[in-house]
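S.K.: Would you be able to build a 3D model of this:
(2 chains)
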Amino acid sequence: MERLTNRAKAVERKPMTFLESLYLWNIAKGMGITLKHFFKKKATISYPEQKREFSPVFRGLHVLNRDEEGRENCTACGLCAVACPAEAITMEAAERLPGEENLYREEKYAAKYEINMLRCIFCGLCEEACPKDAIYLSETFAPANYQRQTFIYGKPDLLIPHPKEEPELYAKAAGGRVVVKTGN
Amino acid sequence: MAEEKKLFKVTIDNITIDVEPGTSILNAARTIGGDVTPPAMCYYSKLQGSGGKCRTCLVEVAAGSTADPRPMPKLVASCRTNVMDGMVVKNITSEKVIDARNGVVEFLLINHPLDCPICDQAGECHLQDLSYEHGKEGTRYEFKRRSFDKVDLGDKIQLHMTRCILCYRCVFTADQLTAKREHGILDRGDHAQIATMIQKNLQNDFIGNVIDVCPVGALTDKTFRFKNRVWFTKPVDAHRNCNKCCGEVQLWMRGEEVFRVTARKDEWGEIKDSTQGKPGWICNDCRFDKKETSDWVIEGPTKIDRHSVISQGHYVGVTKPTETFNAVHNGRSPKLLMDIHDVSEVNKQHIELSALNRPAHSTDFDKK
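M.R.: Numbers count the residues shown, from 1 in each chain, chains lettered A, B, ... in the order given. Alright, predicted model coming up:
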């Protein structure tokens, strides 16, 4: 049979000599490699105390954004749900009543908004589809849990903290992602 | 009448057809169909006297007729210009037409708000389609946009005058379909608005049809307002015995709930002829009050253009595979780790939004 390459090596089946069967040299060689790694930079970090920086394109858990006055941006236009390839997003819209102007930015809002995190593939298409800057993928992991029920995220889980009432929590949740508009 | 009618030969975008004398260029192009047809925002074949207002259907006439083959000096509105024998029309093959149409769309969008995320017409809006095709990304307009407060026309129709493009279709509908017209256009120029004098109610049996003829979201169904997006509802053809109208409608359903009832539309977005051969206008009873599946005889899903957003997520022609679990496990059904309906707060069974004849409010939902 014609060989495809000439890189093949025939296996040597010679019996080991007495010196070789003591493995002394081989053990020393292995120990040398191990020792070398003591002086190298560590590849791991101790996770909960230390955290790695996220890539600027990291796509984590969703947040529903508010504007600078703390009103919800989402108008339940349904574009995120249409864009979602996993069909994870569902919502129900409602009309803003007089007196609710401080809660919702526009006359229509999402009364119910749900993301099924079991279905979500964190592709970020919802963020791209949103015309109102209302949904963002943050720099947080989706937490693990033993219960499937806890992965149906409703509005209370997704909404970003109020920027005026809880400015620190808001800034933390917003991270470097959310464009915080000033004025206008 | 023994004499045979002479047909006019007309060439539109290098396609030659024979049409009856007296046909408009737009209707001649519609017999060809496809991309050759100029878009129309104000012309409505079922309404007499409509057309000539929006200028989106402008075409270039390269040769007037065989008798006088000079081109027409300016672009003409194809809905108001009749064909002549030997006429040569250029629509999409003419750069002048495309350029003019882009300009017209820019004009239409000067005062039109970009509130498509809120507007109930989004997804079936003709202006949305038109601006998607011809519009520019930004606006060059620097001044304040025309704005009006929203008005209730009766208790079932919402008028957003800000969105109106003054096509006059609804005025013609009210004039020609109902016995007494109660709304029209007030004021002139920039101030022109569709209005009922002193918010007078529109109480005609057929007034709901103004919602269907409106090419934008200026007139919308209040019973459907904000309930759902059109592309999440499933259109089905249905009919019922109605003593006022033909009773042939399109239901917009989600599951077993009827969210909206509209007349059936043809490929031009106009109301289809009913089986009796007359335009299929529907009455207010059918449109606003019959929101139960039991009111209707459902004929089957409506054919939706593949390119329409409404067809998204509608898996037609799919056969569900048979469940084999029970058979191989001696009739035991699978143990569900989670039933989504127990957990989900959306689409709760006891909150029937389709049963409300007004938009849903925060008071209609369970507090959580």
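S.K.: Can you name the residues that contact the most centrally placed residue in chain A?
M.R.: The centroid of chain A falls nearest to residue A:60 when counting by CA atoms, centre = their mean (2.3 Å). Shown in contact with residue A:60 (CB atoms under 8 Å, 6 or more residues apart in numbering or on different chains): A:54, A:122, A:137, A:138, A:139, A:140, A:141, A:142. Bear in mind the C-beta positions are built from the backbone N, C-alpha and C, glycine included.
S.K.: Looking at the residues you listed, which is nearest chain B?
M.R.: Nearest to chain B among the contacts of residue A:60, counting by CB to the nearest CB, is residue A:142 at 16.1 Å.
S.K.: mind checking the backbone torsions on the closest one?
M.R.: Main-chain torsions, residue A:142, degrees, to the nearest 10: phi -70, psi 120.
S.K.: residue boundaries of the helices in chain A?
M.R.: For chain A, the helices defined by DSSP state H occupy A:18-21, A:24-38, A:79-83, A:125-129, A:155-158, A:167-174.
S.K.: Quick one: residues in contact with the third one.
M.R.: Taking CB under 8 Å, 6+ apart as the criterion, the residues outside helix A:79-83 that touch it are A:87, A:89-91, A:125-131, A:135, B:117, B:229, B:231-232, B:309, B:312-313.
S.K.: Narrow those to those that are buried.
M.R.: A:89-91, A:125-127, A:129-130, A:135, B:117, B:229, B:231-232, B:309 (16 or more other CB atoms under 10 Å in any protein chain shown).
S.K.: so residue B:41 touches residue B:128, yeah?
M.R.: No: look at residue B:41 against residue B:128 with CB atoms under 8 Å: they stay out of range, at 11.4 Å.
S.K.: can you list the residues of chain A near chain B?
M.R.: Proximity of chain A to chain B (CB under 8 Å from any CB of the partner chain) is limited to residues A:75-79, A:81-82, A:87, A:90-95, A:97, A:100, A:106-108, A:111-114, A:116, A:131-132, A:148-149, A:152, A:154, A:156.
S.K.: one more time with 7 Å, if that's ok
M.R.: A:75, A:77-78, A:82, A:90-95, A:97, A:100, A:106-108, A:111-112, A:114, A:131-132, A:148-149, A:152, A:154 (CB under 7 Å from any CB of the partner chain).
S.K.: Contact partners for the residue in chain B that chain A sits nearest to?
M.R.: Of all residues in chain B, residue B:117 sits closest to chain A, at 3.3 Å by CB to the nearest CB. Contact analysis of residue B:117 by CB atoms under 7 Å, 6 or more residues apart in numbering or on different chains lists A:75, A:77, A:131, A:132.
S.K.: repeat that with 10 Å
M.R.: Residues counted as contacts of residue B:117 (CB atoms under 10 Å, 6 or more residues apart in numbering or on different chains) are A:74-79, A:106, A:108, A:130-132, A:134, B:229.
S.K.: Helices of the stretch 51-200 of chain B, start to end?
M.R.: B:95-110, B:126-134, B:169-177 (DSSP state H, counting those that start in this stretch).
S.K.: pLDDT on the last one, on average?
M.R.: The reference is to helix B:169-177. What helix B:169-177 shows for mean pLDDT is 84.
S.K.: Flag every buried residue along that helix.
M.R.: B:169, B:170, B:171, B:172, B:173, B:174, B:175, B:177.
S.K.: still on that earlier bit, list buried residues within the residues of chain A next to chain B.
M.R.: A:75, A:77-78, A:82, A:90-95, A:106-108, A:111-112, A:114, A:132, A:152, A:154.
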